[in-house]
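In: sequence and predicted structure, then a few things I'm wondering about:
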Amino acid sequence: MEDGKPVWAPHPADGFQLGTIVDIGADSLSIEPLKQKGKTFLAPVNQVFPAEDDVNKHVEDNCSLMYLNEATLLNNVRVRYSKDKIYTFVANILIAVNPYYDLPKLYSPETISKYRGRSLGTLPPHVYAIADKAYRDMKVLKMSQSIIVSGESGAGKTENTKFVLRYLTSSYGTGQDIDERIVEANPLLEAFGNAKTVRNNNSSRFGKFVEIHFNEKNAVVGGFVSHYLLEKSRICRQSKEERNYHIFYRLCAGAPEPIRQKFHLSSPDTFRHMKAGPLKDPLLDDHGDFNRMSGAMKKIGLDDTEKLDLFRVVAGVLHLGNVDFEEAGSTSGGCTIKNQSSQALEHCAELLGLEEEDLRVSLTSRVMLTTAGGAKGTVIKVPLKVEQANNARDALAKAVYSRLFDHVVTRVNQCFPFDSSANFIGVLDIAGFEYFEHNSFEQFCINYCNEKLQQFFNERILKEEQELYQREGLGVNEVHYVDNQDCIDLVEAKMVGVLDILDEENRLPQPSDQHFTDTVHNKHKNHFRLTVPRKSKLSVHRNVRDDEGFIIRHFAGAVCYETTKFVEKNNDALHMSLECLVSESKDRFVRELFENSNNSRDGKQKFRWSQIEKDPPPPPIPIPISLFSTEKQINKCTRRPFLF
Ligand SMILES: Nc1ncnc2c1ncn2[C@@H]1O[C@H](COP(=O)(O)OP(=O)(O)OP(=O)(O)O)[C@@H](O)[C@H]1O
């Protein structure tokens, strides 16, 4: 930093401010803002950065800045944004800022043709420039390429993913309307996988990897979508300001009367799965969106039967949510379904093709097979307590809905089929690192995924590039980066990783969030990456007890996770009797949704619901009912082996 020259300094309340250094302390500098002469504030020495000579000038590539640091980068992006230049390069990485209004010229067909075949940097920064680079690299290197789109919720990931797809298909298509079909299939995907959140009215609650496939001549031949991490917890629980997946509201608002009657639909406030959050949103038109979605379904070839199959299962999940339990009032220690819920149970059973009585029994008791001692393979029926039955009901709703979502994605993939392909360009659209005041299991999963992406970035961009510079004898200064393998191990290591500890907790007879949290702390007492909430810099986290949370020091910063409901949110596994029940549904569509479940994949002799006797309410001690299975089948039937 040169004497008297302006610097950027972090203001306690107002981002980076431009000022001059007026005094130098041991650890901090006294800064006088250019706009507020006479007033000074203190800033830590290592966070004060030199400013460019002209702070109103901007450059297309941040690497062209005279001083490249956090503050000059942000200022450059800000200045560009104020001139509607939402894209900025950092070498071959693109930063995009959400304009929150349409910039039609920016994405016009003329702009698409301008970028075709042009090297990176010859035209202004644009998402099309990145797409074209991926295409040219694929062609020259004869290797598939990937583009990672990352950022916080509402940053514009999905919009930019769509622009990449449109660019590739319209520039390098063979006249087939694959881009049209991708666009047409999108409303269906969004209806089942998107929801209104506090940050985004149409937030994708799943990650996706969209592949555009090319033939030997490098022309587009088809596409394929894979999805990850559908936010299942949303199906049964939403915060006050957020909604469930769009499809639930659209169905209630827009379904024609015969469908409403057939599926026993009423207004959203009568369903537990919808009434927690806002039922209506001024910016969302559920009725109109239902019609648009139905139109999109027709366009991509879904006939009326397929449409009704989807709607029927959604309605079934809604009615399932209204089933409530109460203590049995006997010595069994178990529970029964409340009288007021009998209609919900009946509707749910009807819509999912189940026998009402079978559904009742499998929601209020759990059937297990013995694996050791006494008679192996003995079926035991254990009564469930109210809370356990609630969990079983929610696990069933999550399993059915997520299988339905898998089906929707499979169906969407049938819209752009291809026989063979030489290479593909994949676009990964996945939530970026998240850090809120309260962080739960969802943030934990997303941040773990981002640790893995960061490791990939470290390996591919930093390590391999530097090795290349060395091999070529370029005297580039070494860039140091923090290896995050220890953080990844903390989460995923066998037996001691947080995920395995959580799975282990779910196998206990009385799993609890507190016990899980204690185990995490005990197993990693002196781990550099893990600490207790009271060590947080933020007072809000210091109130969290040691057995209620943990802090993980991620590559992007420390995050305090509150572990309440970690056990429940991780426990999506259906108990055996419920899984058997739905995989043997009378309804062909529901049966097929569960066709590839562990329970029924390829076993010749399956555990069959029909083999379980239907007898009076279960007594307090589990009773053997029949003996019919081998150990091998038990492994197939239970995802989490439970020894009894
Ligand atoms: N380039 C753009 N031009 C115009 N509007 C945009 C652009 N990018 C984003 N938006 C607006 O911002 C909204 C949110 O963007 P988008 O859904 O792509 O965010 P996201 O990062 O995918 O969020 P989430 O992770 O919650 O799904 C869009 O619905 C759109 O209105």
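Out: That came in fine, so what should we check first?
In: which other helices and strands contact the longest helix along the chain?
Out: Determined from DSSP state H, the single longest helix within the chain is helix 386-413. Secondary structure elements in contact with helix 386-413, counted by 3 or more Cβ pairs under 8 Å, 6 or more residues apart in numbering; DSSP states H and E, are helix 178-193, strand 220-228, helix 233-236, helix 304-321, strand 325-327, helix 356-364, helix 576-583, helix 588-593. Where you see a C-beta, it was placed from the backbone N, CA and C, and this is true even at glycine.
In: in its sheet, what does the helix or strand following that helix sit against?
Out: Sequence-wise, the next helix or strand downstream of helix 386-413 (DSSP states H and E) is strand 423-431. The strands beside strand 423-431 in its sheet (DSSP bridges) come out as strand 145-151 (parallel), strand 207-214 (antiparallel).
In: got the helices and strands packed on helix 386-413 as JSON lines, with mean neighbour count columns?
Out: JSON lines is the format used below for the helices and strands packed on helix 386-413 (neighbours: other Cβ atoms under 10 Å):
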{"stretch": "helix 178-193", "mean neighbour count": "21"}
{"stretch": "strand 220-228", "mean neighbour count": "20"}
{"stretch": "helix 233-236", "mean neighbour count": "22"}
{"stretch": "helix 304-321", "mean neighbour count": "21"}
{"stretch": "strand 325-327", "mean neighbour count": "16"}
{"stretch": "helix 356-364", "mean neighbour count": "21"}
{"stretch": "helix 576-583", "mean neighbour count": "24"}
{"stretch": "helix 588-593", "mean neighbour count": "18"}
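In: count the neighbours of the nearest residue to residue 568 once chain neighbours are set aside for me.
Out: Spatial nearest neighbour of residue 568, excluding adjacent residues (Cβ to Cβ, 6 or more residues apart in numbering): residue 391 at 6.5 Å. By the measure other Cβ atoms under 10 Å, the count of residues near residue 391 is 18.
In: how close does residue 391 get to residue 117?
Out: Distance of residue 391 to residue 117, computed by Cβ to Cβ, to the nearest Å: 56 Å.
In: pretty sure residue 386 contacts residue 329?
Out: No. Applying Cβ atoms under 8 Å as the test, residue 386 and residue 329 come out as separate, 11.5 Å apart.
In: who has more neighbours, those two?
Out: The neighbour comparison of residue 386 against residue 329 (other Cβ under 10 Å) goes to residue 386, with 17 against 9.
In: quick one: that one from the ligand, how far?
Out: Distance, residue 386 to the ligand, by Cβ to the nearest ligand atom, to the nearest Å: 35 Å.
In: coming back round to it: same list, the strands paired with strand 423-431, but as CSV with mean pLDDT, distance to residue 49 and mean neighbour count please.
Out: What follows is those, written out as CSV (pLDDT from 0 to 100; distance: least, Cβ to Cβ, whole Å; neighbours: other Cβ atoms under 10 Å):
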stretch, mean pLDDT, distance to residue 49, mean neighbour count
strand 145-151, 91, 23, 18
strand 207-214, 92, 34, 22
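In: so which of those gets nearest the ligand?
Out: Closest approach to the ligand among those is made by strand 145-151 (5.5 Å; Cβ to the nearest ligand atom).
In: list the buried ones in the helix or strand following the closest one?
Out: Going down the chain from strand 145-151, the next helix or strand is helix 157-172, by DSSP H and E. Under the neighbour-count criterion of 16 or more other Cβ atoms under 10 Å, helix 157-172 has 157-158, 160-172 buried.
In: tell me, which of those residues make contact with the ligand?
Out: With Cβ under 6 Å from any ligand atom as the criterion, the buried residues of helix 157-172 include 157, 158 near the ligand.
In: I'd assumed residue 242 was in a helix, is it?
Out: No. Secondary structure assignment (DSSP: H, G, I helix; E, B strand; the rest coil) places residue 242 in coil, not in a helix.
In: switch to numbering from 55
Out: Taking 55 as the first residue, the last one we looked at is residue 296.
In: residues in contact with the helix or strand hosting residue 188?
Out: In this assignment (DSSP H and E), residue 188 forms part of helix 181-195. Identification of contacts with helix 181-195 by Cβ atoms under 8 Å, 6 or more residues apart in numbering yields 141, 146, 148, 150, 165-166, 169-175, 177, 197-201, 214, 217-218, 221-222, 225-226, 268, 272, 477, 479.
In: would you put the C-alpha positions of it in PDB?
Out: C-alpha atoms of helix 181-195 as PDB (Å, rounded to 0.1, in the frame of the first residue of the first chain):
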ATOM      1  CA  VAL A 181     -22.400 -17.700 -19.800                       C
ATOM      2  CA  TYR A 182     -22.500 -18.500 -23.600                       C
ATOM      3  CA  ALA A 183     -18.700 -18.000 -23.700                       C
ATOM      4  CA  ILE A 184     -18.300 -20.700 -21.000                       C
ATOM      5  CA  ALA A 185     -20.700 -23.000 -22.900                       C
ATOM      6  CA  ASP A 186     -18.800 -22.500 -26.100                       C
ATOM      7  CA  LYS A 187     -15.400 -23.200 -24.400                       C
ATOM      8  CA  ALA A 188     -16.800 -26.400 -23.000                       C
ATOM      9  CA  TYR A 189     -18.000 -27.400 -26.500                       C
ATOM     10  CA  ARG A 190     -14.700 -26.500 -28.300                       C
ATOM     11  CA  ASP A 191     -12.700 -28.400 -25.600                       C
ATOM     12  CA  MET A 192     -14.900 -31.400 -26.000                       C
ATOM     13  CA  LYS A 193     -14.300 -31.300 -29.700                       C
ATOM     14  CA  VAL A 194     -10.600 -30.800 -29.600                       C
ATOM     15  CA  LEU A 195      -9.800 -33.100 -26.600                       C
END
